[in-house]
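1. make a model of this:
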Amino acid sequence: MTAAQYSNAAVIGAGAWGTALATMCVRAGLQTTLWCRSAQLAASIDAERENAQYLPGHRLPDELQVTSDMSGIAGGELLVLATPAQATREVLTTLAGYIEQPRPLIITAKGLERGSNRFLTDVAKECLNLEPLVLSGPSFAADVVAGLPTAITLAGQDYELARSVAHGLSTRSFRIYVSGDVKGVQIGGAVKNVLAIAAGICAGKGLGASAQAALLARSFAELRRLAGVLGAEAETLFGLSGLGDLVLTCSSTQSRNFSLGKELGLGVDLKTILASRKAVSEGVHTAGVVRAIAGSNNIEMPVCEAVARIVSDGANVDDEINQLLSRPLRAEHE
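-> Below you'll find the model as predicted:
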């Protein structure tokens, strides 16, 4: 079955991104159901045609169905998982009890599982015994739901499946490009969130545009080193899900990770920042995982390591900046 033959889709997770993706599925011609963990949120979205909690100011399609009953999405021919990375195992374990046969699953969270240090595709395979697709790239939910031009990557081990799904879900404003590099696309999506916190700290501290540009370049070098050792394709890191997503996330306060880093740079305590937010900043949870993977593979990632010390160990922001600036000079491409 190709994506063009699908008649319906289920989007699991009603945060800003899940809401935007559900809207895109409707625009692509699919009968779409959005699953919310909260019955109260589901009722509110259904009645008001707006996700006032996570994506306010955007009217949702009248055709979009909303539920908090997981049995109501079990029949979805195409499943789109838009829950936070650290909720992946719990949600898919529950979903497994409702699904009688495998069907395409698209993972959209950008992170790695804490504790196991595993890719989310590995978690999905363990929970549902299938090969999931991965959707990632430079995209803000508000831009997507507003119909602004967006380009993104869909990766899958089954390239033909990924291609057919991409063609079926693409619209004039939401363009999906296809990749076979599932690992590379996931690395780009997860690590850029950690690096965006560093970029936000740089902005919050007022270190200037020159420092911001240098940090972005050195961050990209770290991303490439990690991806290379873990077996990703170099071309992937120069594409939408690598450099494209890194540039977007490291340059706008629309990014939850950049804005969190900026508040840290302004001197706000991490606990205070997190307590004031409804949405998840994935980089906070991913930083320690990236540090662990880098350490076990002898990969030098000083920017990611500094972020991990700040958000995981409670290190002082100024001390970490001074430590980065005190590093020995070296050849740029070592």
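2. could you pull out the helices for the stretch 1-150 of the chain?
-> 16-27, 39-48, 88-96, 120-128, 141-145 (DSSP state H, counting those that start in this stretch).
3. mean pLDDT added to those, as TSV?
-> Written out in TSV, the entries for the helices of the stretch 1-150 of the chain read as follows (pLDDT from 0 to 100):
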stretch	mean pLDDT
helix 16-27	98
helix 39-48	97
helix 88-96	96
helix 120-128	96
helix 141-145	97
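4. could you single out the most deeply buried of these?
-> Of all the helices of the stretch 1-150 of the chain, helix 16-27 has the most neighbours on average by mean count of other C-beta atoms under 10 Å, namely a mean of 26. C-beta here means a position set from N, CA and C on the backbone, and glycine is covered the same way.
5. closest one to Ser276 among the helices of the stretch 1-150 of the chain?
-> Closest approach to Ser276 among those is made by helix 16-27 (16.2 Å; C-beta to C-beta).
6. the closest residue to Ala287 other than its chain neighbours: neighbouring residues, count only.
-> Nearest residue to Ala287, sequence neighbours excluded (C-beta to C-beta, 6 or more residues apart in numbering): Ala308, at 4.1 Å. Number of residues near Ala308 (other C-beta atoms under 10 Å) recorded here: 26.
7. contact partners of stretch 68-75?
-> 8, 10, 12, 33, 35-39, 41-42, 67, 79, 94-95, 98-100 (C-beta atoms under 8 Å, 6 or more residues apart in numbering).
8. can you do 6 Å?
-> Here stretch 68-75 makes contact (C-beta atoms under 6 Å, 6 or more residues apart in numbering) with Ala10, Thr33, Trp35, Cys36, Ala39, Ala42, Tyr98, Ile99.
9. quick one: end-to-end length of that stretch, please.
-> End-to-end distance of stretch 68-75 (C-alpha to C-alpha, to the nearest Å): 15 Å.
10. coming back round to it: next, format the helices of the stretch 1-150 of the chain as CSV and append distance to Ala292.
-> Formatted as CSV, these follow (distance: least, C-beta to C-beta, whole Å):
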stretch, distance to Ala292
helix 16-27, 26
helix 39-48, 34
helix 88-96, 18
helix 120-128, 15
helix 141-145, 29
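11. out of the ones you listed, nearest to Ile107?
-> Across the helices of the stretch 1-150 of the chain, Ile107 has its closest neighbour in helix 120-128 (5.1 Å, C-beta to C-beta).
12. okay, the closest one in PDB with CA atoms only?
-> Extracted as PDB, the C-alpha positions of helix 120-128 are listed here (Å, rounded to 0.1, in the frame of the first residue of the first chain):
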ATOM      1  CA  LEU A 120      14.100   6.000  19.100                       C
ATOM      2  CA  THR A 121      13.800   3.700  16.100                       C
ATOM      3  CA  ASP A 122      15.400   1.000  18.200                       C
ATOM      4  CA  VAL A 123      12.900   1.600  20.900                       C
ATOM      5  CA  ALA A 124      10.100   1.400  18.400                       C
ATOM      6  CA  LYS A 125      11.300  -1.800  16.900                       C
ATOM      7  CA  GLU A 126      11.500  -3.300  20.400                       C
ATOM      8  CA  CYS A 127       8.000  -2.200  21.300                       C
ATOM      9  CA  LEU A 128       6.100  -2.900  18.000                       C
END
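13. if we can go back for a sec, for the helices of the stretch 1-150 of the chain, which one sits closest to Arg224?
-> With C-beta to C-beta as the yardstick, what comes closest out of the helices of the stretch 1-150 of the chain is helix 120-128 (20.7 Å).
14. residues touching the residue nearest to Ala287, list them.
-> Ala287, Gly288, Arg291.
15. go again using 8 Å as the cut-off
-> Val194, Ala287, Gly288, Val290, Arg291.
16. which ones among the residues you listed lie within helices?
-> Cross-referencing the contacts of Ala308 against helices under DSSP state H gives Val194, Ala287, Gly288, Val290, Arg291.
17. would CSV of these with neighbour count be doable?
-> As requested, the ones in helices among the contacts of Ala308 are exported to CSV (neighbours: other C-beta atoms under 10 Å):
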residue, neighbour count
Val194, 33
Ala287, 29
Gly288, 21
Val290, 28
Arg291, 21
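18. hmm, back to that, just the closest of the contacts of Ala308 to Gly137, please.
-> Nearest to Gly137 among the contacts of Ala308, with distances taken as C-beta to C-beta, is Val194, at 17.2 Å.
19. wait, what's in contact with the closest one?
-> Contacts of Val194 by C-beta under 8 Å, 6+ apart are Asn257, Gly283, Thr286, Ala287, Val290, Cys304, Val307, Ala308.
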